[in-house]
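Enquirer: how does the following fold in three dimensions:
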Amino acid sequence: MHELLSSAQSCRFLATSGIAFEMTEVEKIEEQLARLRIAKRSTLSAEPAYLLDIDVATAAQSEGSRFVAVSCSDKSMRVYDRETLNFLREYSSRPGMLNGVRFAHACDSMVFSACSDGTVKCWDIRLATQKAAQIFSGYPSNVFISFDINRSDLIICAGTEEVEKDTFLVFWDARGVTDCAGTTKEPLGVYSESHNDDITKICFHPMEPSLVVSGSTDGLVNVFDINKDNEDDALLSTCNSDSSVSFIGWSGKDYKQIYCTTHDEGFCWWDIAQLDTEEPIMLSHVLDVRDTVCVGDDTLQYLVGGWYHEKADKLFLVGGTSAGKVHLISCGTHGLSLVGTLCGGHSATVRSFCWNLADESLLTGGEDAQLLLWKPGAVERSLAKKASMKMASSVQKRVRVHNSSLKSGKK
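Expert: Numbering: from 1, shown residues only. This next block holds a predicted model:
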């Protein structure tokens, strides 16, 4: 039986009916999150690996999301059936390392991943071939560690590691990729002045195709409008997290807010709608979430990332323990609070997750090589959880230690 510990097991209504009505939707969503149970788990592959990033195909809205893609520490990308978690296909990036995985928004059979060999590769999962449908090549010495594709599927952007004091945001025209041309595309251009260390995360705006936010180990979170003619004009905002950025995202109504988590488990949240006003843009800055969120007798050891829940107009963070527990944390301008803890699923550190608004489900992947599907009130009908993997992380070998003497501003 899979236990779930929750701080949101009952709704509390205030005496004022207006406030009670306003709080009901948020409390309803938090109660739903607290009821998440394991519905499915994937079977272990022949070569177990850490599951580092997850994405769900969302193009076939009438049929629901059919596919899940996962990037793994063994330099592979695996595709699963969304409902059954049955394994479908695997693609290898050897000798390079895959970093991130994204489905095209308009075509759920096209899936992308950045690669440390200086390319972004696109695979067509309808085809029984290991050959990429299209390759987007970078410049010599580029090592891509982050990427995203914009809402209209027209532009791909990838971020590089720092090489000889250079870091780049590299852009490509993604049009024609669904034709499976099999050709190699050269970059449209680069941004080279706005970060001065590894670009760890890139995230396009969910609604505006020209807006993109980037995060770096230099501590900066930059917002760009790529419709502008040059990098200086394109840079709309520079926010400083004062730490090494591990995750970034958009939040708020019309997605006018940005947030990040850091490698030392910090959290920052900004309202960029206030850029041209006298109001402060900082909504929250928590130096160490582990010291702030009360998880009872349990521990919070790390953050994985976050997601914005549109229905509740609420931002949530995902954290956990080395034993595989998953903590769901609610974010507010007055502080952070535990919504619930998912237990009985993973047996090691959770590395990745993906929230699916369509059916209010959560996918999680970890160092135990397991991919889990959580749904409200679900009952698992499968084997018991697997033992933790005993293997050295290929990713840990790439982790760089960052001190507190971070540079601010542009180069």
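Enquirer: residue 28: what secondary structure?
Expert: Look at residue 28: counting by DSSP: H, G, I helix; E, B strand; the rest coil, its state is helix.
Enquirer: give me the neighbour count for it.
Expert: When counting by other CB atoms under 10 Å, one arrives at 14 neighbours for residue 28. (Glycine included, C-beta is placed from N, CA and C.)
Enquirer: before we move on, what about the one 3 residues further on?
Expert: Neighbours of residue 31 under the rule other CB under 10 Å: 17.
Enquirer: and what of residue 193?
Expert: 15.
Enquirer: quick one: it and residue 230 touch, right?
Expert: No - judged on CB atoms under 8 Å, residue 193 makes no contact with residue 230 at a distance of 9.9 Å.
Enquirer: so where is this structure shaky, pLDDT-wise?
Expert: Where the chain drops to pLDDT under 70, the residues are 1-24, 46, 60-65, 177-182, 381-411.
Enquirer: please enumerate the helices of it.
Expert: Per DSSP state H, the chain carries helices over the ranges 17-34, 231-234.
Enquirer: other SSEs contacting the last one?
Expert: Counting contacts by 3 or more CB pairs under 8 Å, 6 or more residues apart in numbering; DSSP states H and E, the secondary-structure elements packed against helix 231-234 are strand 220-225.
Enquirer: give me the contacts around the strand it packs on.
Expert: 169, 191, 194-195, 210-215, 231, 234-241, 245, 248, 258, 260, 268, 270, 272, 408 (CB atoms under 8 Å, 6 or more residues apart in numbering).
Enquirer: just the buried members of these?
Expert: Buried subset of these (neighbour count, 16 or more other CB atoms under 10 Å): 169, 191, 194-195, 210-215, 231, 234-235, 239-241, 245, 248, 258, 260, 268, 270, 272.
Enquirer: among those, which ones are in strands?
Expert: Those of those mapping onto strands are 169, 191, 211-215, 235, 239-240, 245, 248, 258, 260, 268, 270, per DSSP state E.
Enquirer: check the residues you listed and tell me the two furthest apart.
Expert: Maximum pairwise distance in these, criterion CB to CB, is 21.5 Å, between 191 and 268.
Enquirer: wait, what's in contact with the residue lying closest to residue 246 once chain neighbours are set aside?
Expert: Spatial nearest neighbour of residue 246, chain neighbours left out: residue 263 (4.8 Å); criterion: CB to CB, 6 or more residues apart in numbering. Neighbouring residues of residue 263 by CB under 8 Å, 6+ apart: 217, 243-246, 402.
Enquirer: who's residue 303 bridged to?
Expert: Beta bridges link residue 303 to residue 319 when assigned by DSSP bridges.
Enquirer: thought residue 273 was touching residue 253?
Expert: No - if you go by CB under 8 Å, residue 273 and residue 253 don't touch, sitting 9.3 Å apart.
Enquirer: which one's more surrounded, the two?
Expert: The residue with more neighbours, out of residue 273 and residue 253, is residue 273; 15 against 10, by other CB under 10 Å.
Enquirer: the more buried one and residue 279, how far apart?
Expert: For residue 273, the distance to residue 279 equals 9 Å [CB to CB, to the nearest Å].
Enquirer: how about residue 236?
Expert: The value you get for residue 236 to residue 279, if CB to CB is used, is 17 Å.
Enquirer: over to residue 98?
Expert: Using CB to CB, we find residue 98 at a distance of 41 Å from residue 279.
Enquirer: cool, residue 343 as well?
Expert: Distance of residue 343 to residue 279, computed by CB to CB: 41 Å.
Enquirer: and if you look at residue 187?
Expert: 38 Å.
Enquirer: neighbour count: these two, which is higher?
Expert: Neighbours per residue, other CB under 10 Å: of residue 187 and residue 279, the larger number sits with residue 187, 17 against 10.
Enquirer: isn't the more buried one right up against residue 139?
Expert: Yes - between residue 187 and residue 139 there is a contact under CB under 8 Å: 6.9 Å.
Enquirer: okay, and the common contacts of the two?
Expert: residue 170.
Enquirer: which residues touch residue 77?
Expert: 69-71, 90-91, 93, 98, 101, 111, 113, 123.
Enquirer: now do the contacts for residue 336.
Expert: 267, 284, 286, 289, 292-293, 317, 329-330.
Enquirer: perfect, that will be all.
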